[in-house]
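A.B. asks: 3D, please:
(one chain, ligands or ions: 1)
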Amino acid sequence: MTQDALKKAVAEAAVEYITPKLERDSVIGIGTGSTANYFIDLLPDIQDQFAGAVASSEETTRRLKSLGIPVYELNDVNELLIYIDGADESNPQLELIKGGGAALTREKVVAAVAREFLCIADESKWVEILGDFPLPVEVIPMARSYVGRQLVKLGGQPVYRQGVVTDNGNVILDVYNLQIMEPRKLENAINQIAGVVTNGLFAHRPADVLLLGTSEGVKRISPRY
Ligand code: 5RP
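C.D. replies: Coordinates of the predicted model:
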């Protein structure tokens, strides 16, 4: 199976997973990226079963609106039933690296609000130790060089993602060569650097459930503690 076919399979499994939980007034959070896009494209089929969505990016907002799905501002919503999003890496604790699509900050906020976080990913994202995928860090533009130097002190090799401006008007540093043995500790340490908005480690708020697309079918994985 191709990677795209696996992404599509997990998107279908996500629809099956959430449908029994939906109520007419439910609002769901929706992430960003190609896997999330497969999920979004299936929403018109179940549109009458929930009220609408909160999006984690402008790109997702546009896609949802183009399909006629109502999009709400997070500030106008009391609670999110569930957040559905992809990932760049997941470990067995369902701690994630996210931000390959530069939407990490809004993704982290929406995930924080949601009662449940359902991650959908193909098997290439499954790792024992996080860090092969360069860790995205969102930084306010004037702090870029300073933050870069601090990230070197933490053992990484930051690379400025040229030509990318986030939905929040910031820049991204991708940090290579991190073997992330203690994800929560590193998430904290990077977020302490002045000028960092947030980083792409989702360790304090890991996923609750992972639907992993594999050649043997979609596996439903709960965190291993
Ligand atoms: C965007 C993200 C995405 O979830 C992540 O990059 C995975 O993307 P894809 O589903 O295209 O593989 O974190 O910021």
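A.B. asks: pLDDT wise, what is the closest residue to residue 177 other than its chain neighbours at?
C.D. replies: Nearest non-adjacent residue to residue 177, counting by C-beta to C-beta, 6 or more residues apart in numbering: residue 157, 4.9 Å away. Any C-beta I mention is one placed from the backbone N, CA and C, and that applies to glycine too. Per-residue pLDDT puts residue 157 at 98.
A.B. asks: give me the number of residues near residue 157?
C.D. replies: The number of residues packed near residue 157 is 14, by other C-beta atoms under 10 Å.
A.B. asks: ok, it - contacts?
C.D. replies: The contact partners of residue 157, taken as C-beta atoms under 8 Å, 6 or more residues apart in numbering, are 175, 176, 177.
A.B. asks: before we move on, what about residue 130?
C.D. replies: Residue 130 makes contact with 89, 91, 95, 96, 97, 178, 180, 183, 201, according to C-beta under 8 Å, 6+ apart.
A.B. asks: change it to 7 Å
C.D. replies: By C-beta atoms under 7 Å, 6 or more residues apart in numbering, the residues touching residue 130 are 89, 91, 95, 97, 180, 183.
A.B. asks: For the closest residue in space to it that isn't next to it in sequence, give its distance to residue 14.
C.D. replies: Leaving aside its sequence neighbours, residue 130 sits nearest to residue 180 (C-beta to C-beta, 6+ apart; 4.2 Å). The gap separating residue 180 from residue 14 is 26 Å, by C-beta to C-beta, to the nearest Å.
A.B. asks: now swap in residue 207 and tell me
C.D. replies: In terms of C-beta to C-beta, residue 207 sits 12 Å off from residue 14.
A.B. asks: Which one's more surrounded, the two?
C.D. replies: residue 207 (27 against 24).
A.B. asks: Specify the local secondary structure of that one.
C.D. replies: Under DSSP: H, G, I helix; E, B strand; the rest coil, residue 207 falls in the coil class.
A.B. asks: Tell me the residues of this structure that contact the ligand?
C.D. replies: Residues of the chain lying near the ligand by C-beta under 6 Å from any ligand atom: 31-35, 85-88, 98-104, 107.
A.B. asks: Next step: those residues restricted to helices.
C.D. replies: Among these, the members falling in helices (DSSP state H) are 34, 35, 104, 107.
A.B. asks: Near the closest residue to the third one other than its chain neighbours, how many other residues are there?
C.D. replies: Here the nearest residue to residue 104 in space, its sequence neighbours aside, is residue 200; by C-beta to C-beta, 6+ apart that works out to 4.5 Å. By the other C-beta under 10 Å criterion, the neighbourhood of residue 200 contains 30 residues.
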